[in-house]
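Undergrad: Provided below for reference: sequence and predicted model.
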Amino acid sequence: QVQLAESGGGLVQPGGSLELSCAPSGRPLPSYAMGWFRQAPGKEREFVAAVGWSGVAKEYADSVKDRFTISRGLGNGTVTLQMSSLLVEDTAVYYCAALRGLGPMPQRAVAYWGQGVQVTVSQ
């Protein structure tokens, strides 16, 4: 069994920054990629960013490229999403996920989901 515990969500003003963390527990996931997805009200869940098992290969959605940075601690496997220059349209529930690998269809590669954490960007 695998649990993914997200933390770090909250309310931030447009242009601000926020950092999300995801701590895996349970069965080790050394060969899995890790990623973040988000779902805004009334919209489908969408890919945000992912990092490969070694922490080197990274992929980003075009909408967050150059604003968000994903990183992975190889020791404890904690995955961090640093978000800057936040926009109102970044408001969503953000989900951590363990993926079987990186590729063109990340949602199909998800093996485990976290519970989600709310990020609200508003004045």
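TA: In hand now; what should we look at?
Undergrad: Need the residue closest to the centroid of this structure.
TA: By Cα atoms, centre = their mean, the chain has its centre lying nearest to residue 36, at 2.1 Å.
Undergrad: For it, give me its contacts.
TA: 20, 22, 48-50, 70, 79, 81, 94-97 (Cβ atoms under 8 Å, 6 or more residues apart in numbering). C-beta coordinates here come from the backbone N, C-alpha and C atoms, glycine included.
Undergrad: change it to 7 Å
TA: Residue 36 sits next to 20, 48-49, 70, 81, 94-96 when contact means Cβ atoms under 7 Å, 6 or more residues apart in numbering.
Undergrad: Same question for residue 21.
TA: Applying Cβ under 7 Å, 6+ apart, we find residue 21 in contact with 7-8, 78, 80.
Undergrad: In a helix, it, correct?
TA: No: with DSSP: H, G, I helix; E, B strand; the rest coil as the criterion, residue 21 is strand rather than part of a helix.
Undergrad: Bridge partners for it, pull those for me.
TA: When assigned by DSSP bridges, residue 21 has beta-bridge partners residue 7, residue 80.
Undergrad: Next one: it from residue 36, what distance?
TA: Distance of residue 21 to residue 36, given as Cβ to Cβ, to the nearest Å: 11 Å.
Undergrad: hey, where'd the strands end up in this protein?
TA: 2-7, 10-12, 18-26, 33-39, 46-51, 58-60, 68-72, 79-83, 92-99, 110-113, 117-121 (DSSP state E).
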